[in-house]
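S.K.: A predicted structure for the sequence below; I have some questions about it.
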Amino acid sequence: MSGENPFNRLPEDVIIYIFDKIADAKSLCICTLVSKKMCYLVLQTKTVSVEISSWIQVCSCHRDPAAAKPLLRNLLHFLGKPVTSLWRLLKQPFTTPEAGMIPDFIPIIQFLIEFSCVESLTIKMGFSKQTSFEPLVKWKYDKSGFIFICAKGVCLNSSENNNDVLAPPSTAQLMSLVLYHLMDAMLRLNILKATFRKFPELKNVLVMDSLNQGRVVMDEDGIASLRDGEEPFTGDHDDKFCVKLWHENVLHLPGSGRVMKEVTVAMFKEIDSDDDNDDCLMMFENGFEEKEYREMSELMVKKRACFEDVVSSKQLMKISIVIFEVFGPDYKNNFCSIVIFMVFGPQNHNHFWDLEKQKINIF
């Protein structure tokens, strides 16, 4: 009797409840080593969280378009053709040694596949340790669409000396991170699509980075839509999207007393037949958890958009190497240009240059 495991005396539903509270995949993996029964109960867990320490790092290839091509070509192959299972995702040869992408999360993901009863899944991806600055960046993707906020600097109030303003990153650095996040949102979405096939009971899922800059959030309705084959931003259907951009050189936040520098807000939202364009702004109401970002977005969307249009999904491009070829480090890079370029696609980049001549690009 002295060698009896005390956990064996607990009802199974209580043990599963404890595992749900643990959630962390690495800890659950250790619990499976206790006994066969414990291993069986661990796999009945309904809530799982996994942290991936290394994913796509911001490296020299983002500043050198030529060096970025091999990495991007493989990434785009993945983005354009979703994998049929999470296992195939892991075997996709879309990394290169010089890209700084370390797939040390593979054993954890392989372990997660065994959790067929999971209802709530959180995946936290590591952020690049090579990034020398932390720009004010927030983005979110859910079933409503994609929203993005960035600011190049902040000070406590307008009377402060310029020396108190946080040094903004260079334009090339900021552009590299913006492109990274745009690709990251689509990449995470495809990871979710593969995840749905492996977890039939899944009801809500969150994919975020360790700095909580970007979040892909799906509830039960959003998951059901993706299960039904709805593919946003793919051009497979003649869906319509509301695209809006706002920019302010200086934005005062009365609530916090801060002054934001060069604030850009962007929004992509699919429009249903019953939608009104003004309804697109409703997605910002619960877009961000932090009150400063909520205040920024609420103030910005009340202003006149610097760009506004309704486009079809066929006009929305998949992220392309062309972006890196057109917007090199020496070009006057800015987020407004990139989003306009995304709308009309690489095949229509001449139209983009016409738009710039019309000074839609206000940076």
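M.R.: All right, it came through fine.
S.K.: wait, what's in contact with F288?
M.R.: 138, 140, 149, 294, 297 (Cβ atoms under 8 Å, 6 or more residues apart in numbering). Using the backbone N, CA and C atoms, a C-beta is placed for each residue, glycine as well.
S.K.: And those residues, which is closest to N204?
M.R.: Among the contacts of F288, K140 lies closest to N204 (Cβ to Cβ), at 14.6 Å.
S.K.: To which secondary structure element is the closest one assigned?
M.R.: Applying DSSP states H and E as the criterion places K140 in strand 136-142.
S.K.: helices or strands up against that strand?
M.R.: strand 145-155, helix 171-198, strand 214-218 (3 or more Cβ pairs under 8 Å, 6 or more residues apart in numbering; DSSP states H and E).
S.K.: Recalculate using a threshold of 10 Å.
M.R.: Judged by 3 or more Cβ pairs under 10 Å, 6 or more residues apart in numbering; DSSP states H and E, the packing partners of strand 136-142 are strand 145-155, helix 171-198, strand 204-209, strand 214-218, strand 259-271, helix 291-301.
S.K.: Okay, now the sheet partners of that strand, with direction.
M.R.: Sheet pairing here is set by DSSP bridges, and for strand 136-142 it gives strand 145-155 (antiparallel), strand 214-218 (parallel).
S.K.: Between these, which one is closest to V50.
M.R.: Checked against Cβ to Cβ, the stretch from these lying closest is strand 214-218, at 14.4 Å.
S.K.: roughly how far apart are K21 and S49?
M.R.: According to Cβ to Cβ, to the nearest Å, K21 stands 11 Å off from S49.
S.K.: and if you look at V259?
M.R.: The spacing between V259 and S49, counted by Cβ to Cβ, is 37 Å.
S.K.: ok so, going back, closest to F241 out of the contacts of F288?
M.R.: Of all the contacts of F288, K140 has the smallest distance to F241: 16.2 Å, by Cβ to Cβ.
S.K.: returning to what we had before: so can I have JSON lines of the contacts of F288 showing distance to F307, neighbour count and pLDDT?
M.R.: Formatted as JSON lines, the contacts of F288 follow (distance: Cβ to Cβ, whole Å; neighbours: other Cβ atoms under 10 Å; pLDDT from 0 to 100):
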{"residue": "K138", "distance to F307": "20", "neighbour count": "24", "pLDDT": "86"}
{"residue": "K140", "distance to F307": "20", "neighbour count": "24", "pLDDT": "87"}
{"residue": "I149", "distance to F307": "16", "neighbour count": "25", "pLDDT": "85"}
{"residue": "R294", "distance to F307": "22", "neighbour count": "18", "pLDDT": "78"}
{"residue": "S297", "distance to F307": "16", "neighbour count": "24", "pLDDT": "79"}
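S.K.: Most widely separated two among those residues?
M.R.: Counting by Cβ to Cβ, the most remote pair of these is K140 and R294, 11.4 Å apart.
S.K.: Report the angle between the helix or strand containing L121 and strand 204-209.
M.R.: L121 is part of strand 120-125 when elements are defined by DSSP H and E. Per axes from the mean of the first three to the mean of the last three Cα atoms, to 10 degrees, the angle that strand 120-125 makes with strand 204-209 is 10 degrees.
S.K.: what pairs with strand 120-125, and is each one parallel or antiparallel?
M.R.: Applying DSSP bridges, strand 120-125 is found paired with strand 47-52 (parallel), strand 204-209 (parallel).
S.K.: Mind listing what's buried along the last one?
M.R.: Buried positions in strand 204-209, judged by neighbour count with 16 or more other Cβ atoms under 10 Å: 205-209.
S.K.: Thought T45 was touching F115, still the case?
M.R.: Yes. Counting by Cβ atoms under 10 Å, F115 does reach T45; the two are 6.1 Å apart.
S.K.: what stretches of the stretch 1-150 of the chain score poorly on pLDDT?
M.R.: The stretch 1-150 of the chain contains residues with pLDDT under 70 at 1-5, 7, 53-111, 126-135.
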